[in-house]
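Visitor: no FASTA, just this:
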């Protein structure tokens, strides 16, 4: 018996299987239930759970309850959070590789050449780099000991060496040169000492050059100017035009009071930035104040010292 709205008393409606009475304009009507709900005389026996209707789940309930935005992370059974991904949440490989999707649907690893330390990642350029504070691309040779000095042996390799061995390895020269022929040039020419006076820097490329001896002019009351120059490659010959680079800032000028008077001179200077392993010559440059006179240098001594 079903009460019909607006009608006093009751109206009897007899429905068939899987039907329910529905009030319709004051007169109940039988309607067949279709879809995911099955109804028998015992009541609703099936609502299609697991096929068309999701059963209650604590994880789904947790997601539904989230009010913040971001990446959703399951933190436990029925618990979750939303926010940003931590580094520990991402897949990682060895210190010098990164795992991800590099233009593919399959996860793969990429590495940075010559990087044995941890990788860095630029969020602006989206590229990987090598952590400069880690071991980087440098390797060592041998077993360095306390008190040694680090020395590069290649562009990516260093080794430990003692100060004594470095000092021993530095190049030096101390020699005498044959007296060269004099000159009547007033512009200045080379004395041709470079074939004897030469050095190959080995450690620092910083060298002190020194040429000393006696200078003279074959006429009285005439002056001779002495300079010092260096260079690489083929050394200039005696009386060749001025060549190379000056290592003596201010040239030395000697005035002979009498013809042939010998005046001591020293051309001394320091040069930095020379290439190690490259041979350099050093030479005297000589000029007389009169083309009618001849200037000469004798008892020439050449000293070069890397330091």
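Guide: Looks like it arrived, so ask away. On a predicted model such as this, the values are computed, not experimentally measured, just so you know.
Visitor: look up phi and psi at the closest residue in space to residue 268 that isn't next to it in sequence.
Guide: The shortest distance from residue 268 to any non-neighbouring residue, by C-beta to C-beta, 6 or more residues apart in numbering, is to residue 210 (4.6 Å). For every residue, glycine as well, the C-beta is placed using N, CA and C. Main-chain torsions, residue 210, degrees, to the nearest 10: phi -150, psi 120.
Visitor: quick one, strands of the stretch 51-200 of the chain?
Guide: 71-76, 79-83, 97-100, 108-111, 119-121, 128-130, 139-141, 149-154, 157-161, 172-177, 189-190, 198-199 (DSSP state E, counting those that start in this stretch).
Visitor: what's the average pLDDT for the third one?
Guide: Within the predicted structure, the mean pLDDT of strand 97-100 is 53.
Visitor: with the second one instead?
Guide: Confidence for strand 79-83, expressed as mean pLDDT, is 89.
Visitor: please apply the same query to the first one.
Guide: Averaging the model's pLDDT scores along strand 71-76 yields 87.
Visitor: name every strand pairing with that strand and say which way it goes.
Guide: strand 79-83 (antiparallel) (DSSP bridges).
Visitor: give me the contact list for the partner strand.
Guide: Strand 79-83 is contacted from outside by 59, 62, 63, 66, 68, 69, 70, 71, 72, 73, 74, 75, using C-beta atoms under 8 Å, 6 or more residues apart in numbering.
Visitor: which among these end up buried?
Guide: Buried by 16 or more other C-beta atoms under 10 Å: residue 62, out of the contacts of strand 79-83.
Visitor: need the max-distance pair from the contacts of strand 79-83.
Guide: Pairwise distances across those peak at 18.5 Å for 59 and 69 (criterion: C-beta to C-beta).
Visitor: gap between stretch 175-182 and the chain center?
Guide: 50 Å (C-alpha atoms, centre = their mean, to the nearest Å).
Visitor: what's the span of it from first residue to last?
Guide: 20 Å (C-alpha to C-alpha, to the nearest Å).
Visitor: same question for stretch 157-173.
Guide: Start-to-end, stretch 157-173 (C-alpha to C-alpha) is 30 Å.
Visitor: tell me where the protein has helices.
Guide: If DSSP state H is used as the criterion, the helices of the chain fall at 58-65, 163-169.
Visitor: which one of the ones you listed lies nearest to residue 227?
Guide: Per C-beta to C-beta, nearest to residue 227 of the helices of the chain: helix 163-169, 30.5 Å.
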